[in-house]
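Student: Sequence first, then the predicted structure:
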Amino acid sequence: MAEKTGTWNASRLPDLSGRTAVVTGANSGIGFTAADALARSGAHVVFAVRDPERGRAAAAKVSGSTEVRRLDLADLASVREFAAGWDRPLDLLINNAGVMMLPEQSTKDGFEMQFGTNHLGHFALTNLLLPYLTDRVVTVSSGLHRGGDGVIHFADVNLRGTYSPTRAYAQSKLANLLFTLELQRRLTEAGSPVRALAAHPGYAATNLQSHTANPLARLGMRLGNLLVAQDDRGGTLPTLYAATQDLPGASYVGPSGLGEMRGAPALAGRSAAASDPVAARRLWTLSEEMTGVTWPLGVEAV
């Protein structure tokens with residue numbers, strides 16, 4: 001079982017020699033610190049990044065075995081190209097990359113950018129790589145999955161005419177948790193040993209907040225980064241814990257401190273909407289329709 005979390009940090013990672021991990025968005029923030037920690041523990045880490053030049057610069061700072069591959073989650077053709085180039089067992093997929101509270105814009109395929117990048121891109125990537133996966137999928141969500149309207153807007157997930165940066169971000173992070181829930185159900189139904197888990201970093205000081213649409217929000221987040229947030233290495237601990245500890249499928253890990261904003265990793269709370277199996281199945285069906293990527297394991301999950 002998982003170790004006690006009060007003293008758990010990256011120095012407690014197990015030996016990962018011989019294991020391969022893909023980390024999306026590994027060139028910065030908690031993606032980089034996760035990739036760095038995994039590589040230092042012996043894993044071969046693939047930096048799946050939109051800009052290979054930046055990815056190579058980041059990988060050069062890491063002590064361990066790495067490679068860099070291009071992946072633009074806002075472009076399904078790029079996702080398919082990345083998956084088509086994969087030809088070996090994959091122990092760990094960390095769905096980390098994301099965008100946060102952007103002005104309204106669309107992906108290459110015409111989806112709302114936050115839903116398209118944070119959820120649909122990772123949905124497609126996971127399903128396309130699933131035949132190669134041997135251990136687990138960890139998807140990074142957020143405590144802000146409780147924000148916005150607290151629901152998936154199934155009538156129009158692109159939020160046309162009702163868009164707000166906060167509503168769209170919260171919906172995408174709720175989608176991450178519902179995806180994890182339904183993915184685990186399907187894996188169990190198919191008899192797969194692969195586990196699906198989710199994690200959130202709490203309040204971590206990264207460059208993600210600098211891209212928010214509202215100038216006042218950016219100012220507030222900069223102050224929060226200075227006064228409240230833990231650093232990016234603290235923020236990556238829940239991801240690393242979910243990736244390496246013996247936890248049940250569909251577990252959700254976050255910081256254990258006040259408000260789940262900082263502290264050692266532990267099992268985290270989630271909203272009732274994030275635990276709704278009916279919504280999870282409905283989201284899965286919608287995501288298959290939007291991406292054209294379907295369940296790959298040959299057992300029809302009902």
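Tutor: Looks like it arrived, so ask away. Keep in mind it's a predicted model, so treat the numbers as computed, not measured.
Student: Where in the protein is the helix or strand with the lowest mean pLDDT?
Tutor: Every helix and strand in the chain was compared by mean pLDDT, DSSP states H and E; the lowest is helix 215-227, with a mean of 50.
Student: what's the average pLDDT for the first helix or strand past that one going along the chain?
Tutor: Note on helix 215-227: by DSSP states H and E, the next helix or strand toward the C-terminus is helix 232-235. Helix 232-235 comes out with an average pLDDT of 87.
Student: Stretch 32-47 now?
Tutor: Looking at stretch 32-47 alone, the average pLDDT works out to 98.
Student: Run through who's touching that stretch.
Tutor: The contact list for stretch 32-47 (C-beta atoms under 8 Å, 6 or more residues apart in numbering) reads 10, 13-23, 26-27, 55, 58-59, 61-69, 91-92, 94, 96, 232-233, 235-236, 239-240, 243. Heads up, the C-betas are built off the backbone N, CA and C, glycines and all.
Student: Now, the residues you listed that are in strands?
Tutor: Under the assignment DSSP state E, those contribute 20, 21, 22, 23, 65, 66, 67, 68, 69, 91, 92, 94 to strands.
Student: In ChimeraX, how would I select the buried members of the residues you listed?
Tutor: Filtering the ones in strands among the contacts of stretch 32-47 down to the buried ones (16 or more other C-beta atoms under 10 Å) takes a single ChimeraX command:
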select :20,21,22,23,66,68,91,92,94
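Student: Spatially, which two of the ones in strands among the contacts of stretch 32-47 are the most separated?
Tutor: Within the ones in strands among the contacts of stretch 32-47, 68 and 91 form the most distant pair, 18.4 Å apart (C-beta to C-beta).
Student: which residue ranges form the strands in the stretch 51-200 of the chain?
Tutor: Taking DSSP state E, counting those that start in this stretch, the strands of the stretch 51-200 of the chain run over residues 65-70, 90-95, 133-140, 195-199.
Student: can you list the weak-confidence ranges in this structure?
Tutor: Within the chain, the set of residues satisfying pLDDT under 70 comprises 1-6, 204-229, 260, 299-302.
Student: biggest helix in it by residues?
Tutor: Identified as the longest helix of the chain according to DSSP state H is helix 165-189.
Student: tell me the contacts of residue 125?
Tutor: By C-beta under 8 Å, 6+ apart, the residues touching residue 125 are 24, 71, 73, 79, 82, 83, 93, 95.
Student: ok, 7 Å please
Tutor: Counting by C-beta atoms under 7 Å, 6 or more residues apart in numbering, residue 125 makes contact with 79, 82, 83.
Student: out of the residues you listed, who has the most neighbours?
Tutor: Highest neighbour count within those, by other C-beta atoms under 10 Å: residue 79, with 28 neighbours.
Student: Could you verify my assumption that that residue touches residue 121?
Tutor: Yes: Residue 79 lies in contact with residue 121 (C-beta atoms under 7 Å); the separation is 5.8 Å.
Student: what about the nearest residue to residue 113 once chain neighbours are set aside, how many neighbours?
Tutor: The shortest distance from residue 113 to any non-neighbouring residue, by C-beta to C-beta, 6 or more residues apart in numbering, is to residue 105 (4.7 Å). Residue 105 has 13 neighbours, counted by other C-beta under 10 Å.
Student: can you check residue 53 too?
Tutor: Counted with other C-beta under 10 Å, residue 53 comes out at 10.
Student: contacting residues for the closest residue in space to residue 239 that isn't next to it in sequence?
Tutor: Nearest non-adjacent residue to residue 239, counting by C-beta to C-beta, 6+ apart: residue 199, 4.6 Å away. Applying C-beta under 7 Å, 6+ apart to residue 199 gives the contacts 138, 140, 238, 239, 242, 253, 254.
Student: By neighbours, which of those wins?
Tutor: Tallying neighbours with other C-beta under 10 Å puts residue 238 at the head of the contacts of residue 199, with 34 neighbours.
Student: Report the contact partners of that residue.
Tutor: Residues near residue 238 by C-beta under 7 Å, 6+ apart: 199, 200, 201, 253, 254, 255, 265.
Student: ditto for residue 147
Tutor: Here residue 147 is in contact with 166, 170 (C-beta under 7 Å, 6+ apart).
Student: So it versus residue 115, what's the distance?
Tutor: Distance of residue 147 to residue 115, given as C-beta to C-beta, to the nearest Å: 14 Å.
Student: same thing with residue 175?
Tutor: Taking C-beta to C-beta as the measure, residue 175 and residue 115 are separated by 7 Å.
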